[in-house]
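Asker: got a predicted structure plus its sequence, pasted below:
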Amino acid sequence: MRSLLLILAVLVSYGSLYPFGFRADDISWPEFQAFISDWSFLTSRGDLIANVLLFAPIGFIGLLAAEPGLRQRVPLFLTVVLALLLAFALQVAQLWIPGRSPEVGDAVVNAIGLALGIGAGYATRTLSLSLGSSHHNKALAVPLLLAVLWVGYRWFPLVPTLDPQNVKNALKPLLLTPSLDPTRVAANAAGWLAWMLILLRCGIPRLGVFSVGAAAVFVVALQPLFVNNTLSANNLAGLGIALALLPALRHPEAPTGVTLLLLFSLLASGLHPYQFAPWANSFEWLPFAGFLSGGMEGNALNLIYKCFFYGSVLHLMHLNGASWRSGATTLAIWLSLIEAAQVHVVGRTAEITDPLLALILAFALSRIVALGGDRSRRHP
């Protein structure tokens, strides 16, 4: 598990220091004093969400890797200390990047994300142990993580409100000029079907078709109660299709069918709007360049969406008997072909990020599954 924590630390550092344009001269003592004394939390919502999401996975994995008991919690304590030191060190390093505004307050927000990750890991482990040590419950952390990602995507930016105007704004796309985009309808249907199937196959007792369908309706019904969230006709149509197909998820071959639907949806979305040019667009070889440029809120939403879709493909392929390595190879090749095709799609930027993200997710999920299996055997 230390290898996974190391990878997370490298990714956090990469995202924090991108695009690595360091200044050559030293910072002055007044500049450093101003940095140390600035505990302001006045930042954009996108930056706030990004700072929380950066360190939440470290807390989640660190908790799962720690054994219950006082002596065995030393590794978790060391993980927390090293993560906090990393958060502060990255803020200090940003003093040498022109145009950045490092603040101690950002490191505090990182610590909040770390704490939320630890809380999520504790809740997952407690639920896993309460369900026993059956084969399906050994890796409960993975399906729960994927389920939370989809709900987080639907409720993004996760800021609840009871403002009536916010509810009206959320419903406007449905009331004014509702329109359907077949590609987006298919993506929503695939996402909902994957979410429902993952919950049905996670091994939680008394979690049947009706309760999963009701949970999906509940998630959508609450969307207008989150700031700047909207209900689109594409989302409702996709949910309707998924609910109509919900009984078919009981079939033994359902993981194969939903996996194929997810792969087809990724292809259709990747080639959208289907306007092809005879010339070739540039290919971005710098990983995560698209995620780290532009608005952080939109980038965070896109990252959550892709983590759910790619993670669901990998998880369902694993449920269907494929190894994590073969699943990762298949998905990475599929995404590489889509990126190669995007070179000729108008308005799209082909990049190396998505295949690399699939490989990172496969490694992370495989380690979590292995850890879940060990935990179940040690605590029957």
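Answerer: Noted; the coordinates are in hand.
Asker: in contact with the closest residue to Gly62 other than its chain neighbours: list those residues for me.
Answerer: Nearest-residue entry for Gly62: Thr79, 3.7 Å, with adjacent residues in sequence omitted and distances by Cβ to Cβ, 6 or more residues apart in numbering. Heads up, the C-betas are built off the backbone N, CA and C, glycines and all. If a contact means Cβ atoms under 8 Å, 6 or more residues apart in numbering, then Thr79 has Leu5, Ile58, Gly62, Ala65, Ala66 as its contacts.
Asker: please indicate which of those residues are buried?
Answerer: By neighbour count, with 16 or more other Cβ atoms under 10 Å, the contacts of Thr79 hold Leu5, Ile58, Gly62, Ala65, Ala66 as buried.
Asker: contacting residues around the first one?
Answerer: Just to be clear, that refers to Leu5. So Leu5 contacts Ile58, Ile61, Gly62, Ala65, Thr79 (Cβ under 8 Å, 6+ apart).
Asker: and the two most separated of the contacts of Thr79?
Answerer: Taking Cβ to Cβ as the measure, the contacts of Thr79 span a maximum distance of 12.4 Å, between Ile58 and Ala66.
Asker: kindly check the end-to-end length of stretch 239-253 for me.
Answerer: Length of stretch 239-253, first residue to last, Cα to Cα, to the nearest Å: 21 Å.
Asker: what's that stretch in contact with?
Answerer: By Cβ under 8 Å, 6+ apart, stretch 239-253 touches 185, 188-189, 192-193, 196-197, 200, 209, 212-213, 216-217, 220, 254, 257-258.
Asker: neighbours of Leu149, how many?
Answerer: The local packing of Leu149 (other Cβ atoms under 10 Å) involves 20 other residues.
Asker: surely it touches Lys306?
Answerer: No: look at Leu149 against Lys306 with Cβ atoms under 8 Å: they stay out of range, at 9.7 Å.
Asker: so where's the stretch 51-200 of the chain uncertain?
Answerer: Applying pLDDT under 70 to the stretch 51-200 of the chain picks out residues 67-72, 131-139.
Asker: which residues sit in contact with Asn228?
Answerer: With Cβ under 8 Å, 6+ apart, Asn228 has these contacts: Pro157, Asn166, Asn169.
Asker: is it true that the second one touches Val227?
Answerer: The one in question is Asn166. Yes: at 6.3 Å, Asn166 counts as touching Val227 under the criterion of Cβ under 8 Å.
Asker: neighbour count: those two, which is higher?
Answerer: Asn166 (19 against 16).
Asker: from the chain's centroid, how far away is the helix or strand harbouring Thr79?
Answerer: Using DSSP states H and E, the element containing Thr79 is helix 74-93. With Cα atoms, centre = their mean, to the nearest Å as the basis, helix 74-93 stands 22 Å off its chain's centre.
Asker: could you number the chain from 53 rather than 1 from now on?
Answerer: Right, with 53 as the first residue, what we last looked at is helix 126-145.
Asker: helices and strands around whichever helix or strand comes after it, which ones?
Answerer: Using DSSP H and E, the helix or strand that follows helix 126-145 towards the C-terminus is helix 156-182. In terms of contacts (3 or more Cβ pairs under 8 Å, 6 or more residues apart in numbering; DSSP states H and E), helix 156-182 is packed against helix 97-117, helix 126-145, helix 193-207, helix 405-430.
Asker: what are the buried residues along helix 156-182?
Answerer: 156-163, 165-166, 168-170, 172-173, 176-177, 180-181.
Asker: cool, and stretch 213-230?
Answerer: Buried, per 16+ other Cβ under 10 Å, within stretch 213-230: Asn218, Val219, Ala222, Pro225.
Asker: just send the residues you listed back as CSV, with secondary structure too.
Answerer: Shown next, in CSV, are the buried residues of stretch 213-230 (DSSP: H, G, I helix; E, B strand; the rest coil):
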residue, secondary structure
Asn218, helix
Val219, helix
Ala222, helix
Pro225, helix
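Asker: including distance to Pro330, could those go into JSON lines?
Answerer: Below are the buried residues of stretch 213-230 laid out as JSON lines (distance: Cβ to Cβ, whole Å):
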{"residue": "Asn218", "distance to Pro330": "46"}
{"residue": "Val219", "distance to Pro330": "47"}
{"residue": "Ala222", "distance to Pro330": "42"}
{"residue": "Pro225", "distance to Pro330": "35"}
